[in-house]
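Colleague: build me a structure from this.
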Amino acid sequence: MDLRRLRYFVAVAEARSIGKAAERLRMAQPPLSVQIRKLEAEIGAPLFRRGTRGMDLTEAGQALLARASEALALAVDGAEAARAVAAGKRGRLSVGYMFVLANAMLPRLIPELRRSVPGVDLEFAELSASTREARLLDRSVTVALCMPAINHPEIQVARIGAQPFMLAMPIHSPLARLGAVPMERLQGRPLIALPPPEQDPASSAVAAMLRRHQIVMPIASRVETVHSAMSLVLAGEGFAIVPACAKLGAPRGIVFRPLRDAADSIDIAVCWRRDSQSPLISRFLKCAEKVVARI
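Modeller: Okay, here's the model as predicted:
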C-alpha cells in the first residue's frame, strides 16, 4: 500500500474536509480526491461519507485510521533509524578480542567506545587463534582485535600498534634474577609455544626470532592461548616468549624479563571482513588506535 495515499487519507480524516486537507498538504483538491478514491478502490470499501459537519469516517475508515497513523509513524521511525545506523550512531557492534589483549585494552577501550558511539549496542566475544578467522568470516563478530594480524584474502587488516616480546618464567628461575635475559641463555631451555599445531609453527614471529639468533628451544608444549601458556609456565613446564602486555593479569609467581639484543615485536591489529560496509568499523578503529597509544 502506498504510504503517500495513507498520508493523504489521515490528513482528510483529521481535517474532515478535502479542502482543508489539501491546504495542509499544499496541493490542489482534485488530485487529493482522486487519491482518496483510488485508496477506497484498493481497499474495496468506502472510507468516508458526507455528514452535517463534513467528512465522516465509515467503520472501514475508522479501522484504517488507527493503523494508518501507526504505519506512518513506523515509517518515519524506520527512516530515522536507518539514517542513524548508516551514520554509525545506532546499531550493533560485535567486538572479538584475543585473550592476550583483554586486560591491556578492554578496560580503556570499552569506555572509549561508549563515549564515541553511545547509541550503539556493544557485544564482546573472546577469540582464540583457531576461532578468530572463522568468527569474522561467518559474521558472528563485526571486528576483531588480533595479535598477530590475520592473513586471509577476505579479511581487511589495520595494524595499530606492536608489543615487544618478553620472557615469562617462574619467579624461582635463575634467569629471573637478571634485568634482561641474553638470547644465548635461552639455548636448550623448554619452550611453551604458540601458535597451535594447525598453523605453521615455523612462520611465527617467535620462531623467526630464535632462528635469527641461532637459538634452539625444544618445545615442551604447544598451546592456543597465552592464558594456557602462563599456567604451564607457573607449573614449571617451561618458558614462554610472549607480548609484553601479557604481564597484565598474569598469575602471581610468574615474572617477565625483556630479551637483550632482541628488538622483535608482534603486531596488534584490527581485522574485519573486506566486504563489510558497517560505518561503525571506522569509529572502532579510531577508538582502538587511541587506546593502543596509551598501553
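Colleague: isn't residue 92 right up against residue 119?
Modeller: No. Residue 92 is not in contact with residue 119 according to Cβ atoms under 8 Å; the separation is 10.7 Å. Every residue, glycine included, has its C-beta placed from N, CA and C.
Colleague: shared neighbours, those two?
Modeller: Common neighbours of residue 92 and residue 119 are not found (criterion: Cβ atoms under 8 Å, 6 or more residues apart in numbering).
Colleague: show me what the strand or helix carrying residue 107 is packed against.
Modeller: Per DSSP states H and E: residue 107 is located in helix 99-116. Helices and strands touching helix 99-116, by 3 or more Cβ pairs under 8 Å, 6 or more residues apart in numbering; DSSP states H and E, are strand 91-98, strand 120-127, strand 143-146, helix 226-234, helix 280-292.
Colleague: tell me the strands beside the helix or strand just after the fourth one, with direction?
Modeller: This means helix 226-234. Scanning forward in sequence from helix 226-234 by DSSP H and E, the next helix or strand is strand 240-243. Here strand 240-243 has these sheet partners by DSSP bridges: strand 155-170 (antiparallel).
Colleague: what's the following helix or strand after the strand it pairs with?
Modeller: Using DSSP H and E, the next helix or strand after strand 155-170 towards the C-terminus is strand 181-182.
Colleague: and for that following strand, what's in contact with it?
Modeller: Residues outside strand 181-182 that contact it (Cβ under 8 Å, 6+ apart) are 167, 175, 257-261.
Colleague: now the residues you listed: which count as buried?
Modeller: 167, 175, 257, 259 (16 or more other Cβ atoms under 10 Å).
Colleague: close enough to count as contact, residue 110 and residue 122?
Modeller: Yes. Between residue 110 and residue 122 there is a contact under Cβ under 8 Å: 7.2 Å.
Colleague: check contacts around residue 36.
Modeller: Applying Cβ under 8 Å, 6+ apart to residue 36 gives the contacts 5, 8-9, 12, 18, 47-48.
Colleague: of those, grab the buried ones for PyMOL.
Modeller: This is how PyMOL selects the buried members of the contacts of residue 36, with burial counted by 16+ other Cβ under 10 Å:
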select buried, resi 5+8+9+12+18+47+48
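Colleague: give me the subset of the contacts of residue 36 lying in strands.
Modeller: Per DSSP state E, strands hold the following members of the contacts of residue 36: residue 48.
Colleague: who's sitting farthest from the centroid in this structure?
Modeller: Within the chain, residue 52 marks the point farthest from the mean C-alpha position, 61.1 Å out by Cα atoms, centre = their mean.
Colleague: pLDDT score assigned to that residue?
Modeller: Note on residue 52: pLDDT of 74.
Colleague: next one: residue 90
Modeller: The model reports residue 90 with a pLDDT of 58.
Colleague: please apply the same query to residue 226.
Modeller: We note a pLDDT of 90 for residue 226 in this prediction.
Colleague: just residue 82 next, same as before
Modeller: Reported pLDDT at residue 82 in the predicted model: 61.
Colleague: got it, and residue 86?
Modeller: The model reports residue 86 with a pLDDT of 60.
Colleague: and for residue 11?
Modeller: 89.
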